[in-house]
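> Return a 3D structure for these sequence lines:
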Amino acid sequence: MEDNEDPNSSRSEVSPSDVVHRLNNSLMSILGNAERALGATDPSDPVHANLSAIVLAARDAAETCRGALAGVNQPGADPDTNGPSLAAASARARTTRFSGLILVVDDATMVRQLLVMTLEEAGFAVISAGNATEAMELFDKSEVAAMVLDVAMPDMAGPDLYALLSTRRSGVPVLFSSGFSADTVLGELLEDARVGFLQKPYTEDELLSELGRLLRSDE
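The predicted structure is shown next:
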């Protein structure tokens, strides 16, 4: 190796925003699974307090990630005012049963698995893909009622994948998700009533409510 050769030159560069994006996906998985467990745990169980602490810490960290992704150095959200607990949210969400085939596309395995589990428990049939190529294959051979697409994926951005799939069959409702804000990543797409958006991390109640709205708009 020459003296002036950078020993790290062969390593792929990772931007700060990419690091925060990956961290946000991990927090979404932690938050979602902890809140699901919290909703199924009796408040008198000592584990309930531990799960509550995990949920509050994950929410606070997630808000910090959102601020970093937005380029704003905002403090973490006050855990006492950061929305309803998932125990209550999950109880509301599970009172409604859904149907139809949903295509979930997210390159983050933990997030994808959480979405599949949540949607199946709500009554949906679910197929999932970790990249655009898999998503296109599944879409072509399935009668998908709606899609849940991650915005930032390594092989193809969610909006680009949606545009491509729309040339094969138009009018399929889509719910995008990202750690970035909707205006930043979707722009004019949001003017379409069949397009929805959730900023990560989101709750089960938010997911099912927005997906239900999109399906009703397609009736």
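> Residue 102 belongs to a strand?
Yes: judged by DSSP: H, G, I helix; E, B strand; the rest coil, residue 102 forms part of a strand.
> So for stretch 37-55, what gets flagged as buried?
The neighbour-count check on stretch 37-55 (16 or more other C-beta atoms under 10 Å) flags 37-39, 41, 48, 51-52, 54-55 as buried. (C-beta placed from N, C-alpha, C; glycine too.)
> Give me the below-cutoff pLDDT ranges for the chain.
Scanning the chain for pLDDT under 70 picks out the ranges 1-18, 21, 66, 68-96, 218-219.
> before we move on, the earlier item: so which of the buried residues of stretch 37-55 are in helices?
Among the buried residues of stretch 37-55, the residues falling in helices (DSSP state H) are 37-39, 48, 51-52, 54-55.
> from those residues, which two are the most distant?
Pairwise distances across these (C-beta to C-beta) peak at 13.2 Å, for the pair 39 and 54.
> Would you map the helices across this structure?
Going by DSSP H, the chain shows helices at 16-39, 46-69, 86-93, 109-121, 132-140, 158-168, 182-185, 204-217.
> Can you lay out these as JSON lines showing distance to residue 195?
Output for those, formatted as JSON lines (distance: least, C-beta to C-beta, whole Å):
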{"stretch": "helix 16-39", "distance to residue 195": "21"}
{"stretch": "helix 46-69", "distance to residue 195": "20"}
{"stretch": "helix 86-93", "distance to residue 195": "21"}
{"stretch": "helix 109-121", "distance to residue 195": "18"}
{"stretch": "helix 132-140", "distance to residue 195": "16"}
{"stretch": "helix 158-168", "distance to residue 195": "8"}
{"stretch": "helix 182-185", "distance to residue 195": "10"}
{"stretch": "helix 204-217", "distance to residue 195": "8"}
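> So which of these is nearest residue 198?
Comparing the helices of the chain by C-beta to C-beta, helix 204-217 comes nearest, at 5.9 Å.
> Give the buried residues for that closest one.
So for helix 204-217, counting by 16+ other C-beta under 10 Å, buried means 204-205, 207-211, 214-215.
> Appreciated, that's everything.
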